[in-house]
Structures are given as C-alpha cells and as structure tokens.
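Asker: What follows is a predicted protein model with its sequence.
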Amino acid sequence: MTAETDTNRNIQTPSVRADKVYLVGFMAAGKSSLAHALGERLKWRVEDMDGRIEAREHMTITEIFRRRGEPYFRTVERAVLAEVLPLQHTVVATGGGTFADANNQALINRNGVSIWLDVPLTQIISRLPSDKHRPLASNREQLERLYTLRQSAYSHAHLRLDGSGATVGELVERAADWLDG
Ligand code: S3P
C-alpha cells in the first residue's frame, strides 16, 4: 500500500495492515453508511461496533447509558473491539468515542488502517435533531465540547476523508483508491 502523494493522507505509517479498515469519526458523521458501501466495494464483511454492543448487552445504546452508565459502556466497547481484532477483510464502523481512547486507538492503528470521516460540526448538528438514539448528543454544549476535544484524537487516523459535501460514492472511491495504493 503506498499513499505518499495522497493529499488526504493524515500521517505516514507505511507498515499498516490493509486487510482491515476501521472507520472513525464523530457521531452522525456517516461511518455506518460508509462502512456498508465500502464493504460492498471491497467485497469485505462489515462490522458495526455499536450494533455488536447492543446485541451483546440485549439493550440499546441509550438503555446501556441510562441503566449502566458510560464507564460500563466503555468497558463493553473495549471488549467488542477485542472481538473484531482477529477478523480479516473487514470494514469496522467504530462508535464516535472508540478512537478517542488512547488504548483503543493504539490497538486499531496496529491492527489495521484507520480512516477518519471528518464532517463539520454544522453538518453533524443538522443530522442530529431527528436522532434520539445518541445519549451524548442530548446537550448541545457538551456536543460542541466533545467535538473539539475529539478532533485531535481522530487526527491520529491513517487517512482523513473530508466528508463535507461528498457523496458516499465519492468517499468510497477515495478510500478504495488509497487502499489499492
Ligand atoms: C458515542 C457515539 C455513538 C455510540 C455511543 C457513544 C460517542 O456511536 O457509540 O452513543 O462517544 O461519541 P456513533 O458514532 O455511531 O453515533
């Protein structure tokens, strides 16, 4: 995999394994949609970490936060990340907080390639009002703080895709071109 000339390239990591892609980025950035489209394009399986967490706990994310609290959610999130580490030829849609954890981030960047789907906060906000399933999005001030805080974590992804104004199809092609080298 070579991507030295790709202007979307975030940082240089020539030794990453290209048989696993992790999509990282803020909530409502469109990670799940992109994961499905990219999985189809690459003919790889698709895993959604939030979906796995809900299946494992038999509760929605909102219920897990309400009944067990965020620290418990983060513990399950780490366990689910451990489950997907051995999978190959897989596109993983992470949760918005997964890559913000330094240990998770190191694991992900050693285990595969990480792609940051970077979407402006205004675009995120415009998508969120109709979405009542994200506990951390219920308070606007908290949302803005989280967004700012997490940008620096996401910047450690191997590739940054500028999601502002791009269609899912365009993003898939950019990611696939980069992966093909
Ligand atoms: C979270 C994002 C959510 C979900 C949980 C926590 C976060 O995933 O994992 O509500 O900390 O940003 P999405 O990014 O799919 O919304």
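Answerer: On my side now, so go ahead.
Asker: Any stretches of the chain with poor pLDDT?
Answerer: Along the chain, the model assigns pLDDT under 70 to residues 1-17, 129-132.
Asker: Quick check: residues of it near the ligand?
Answerer: Contacts of the chain with the ligand, taken as Cβ under 6 Å from any ligand atom, map to Met27, Ala28, Asp50, Ile61, Gly95, Gly96, Gly97, Arg134, Pro135, Leu136. Backbone N, C-alpha and C define where each C-beta goes, glycine included.
Asker: The fifth one contacts Glu77, correct?
Answerer: Yes. Under the criterion of Cβ atoms under 8 Å, Gly95 makes contact with Glu77 at 6.3 Å.
Asker: intersection of neighbour lists for these two?
Answerer: Common neighbours of Gly95 and Glu77 are listed as Met49, Ile53 (criterion: Cβ atoms under 8 Å, 6 or more residues apart in numbering).
Asker: How about the contacts made by Val76?
Answerer: By Cβ under 8 Å, 6+ apart, Val76 lies in contact with Ile53, Arg56, Glu57, Ile64.
Asker: just checking, which of those belong to helices?
Answerer: Secondary structure from DSSP state H places Ile53, Arg56, Glu57, Ile64 of the contacts of Val76 in helices.
Asker: Does the first one touch Phe73 like I think?
Answerer: Yes. Between Ile53 and Phe73 there is a contact under Cβ under 8 Å: 7.3 Å.
Asker: so Trp116, which of the three states?
Answerer: With DSSP: H, G, I helix; E, B strand; the rest coil as the basis, Trp116 sits in strand.
Asker: Now the helix or strand where Thr62 lies: buried residues?
Answerer: Assigned by DSSP states H and E, Thr62 falls within helix 61-68. Residues Ile61, Ile64, Phe65 are the ones in helix 61-68 that count as buried (16 or more other Cβ atoms under 10 Å).
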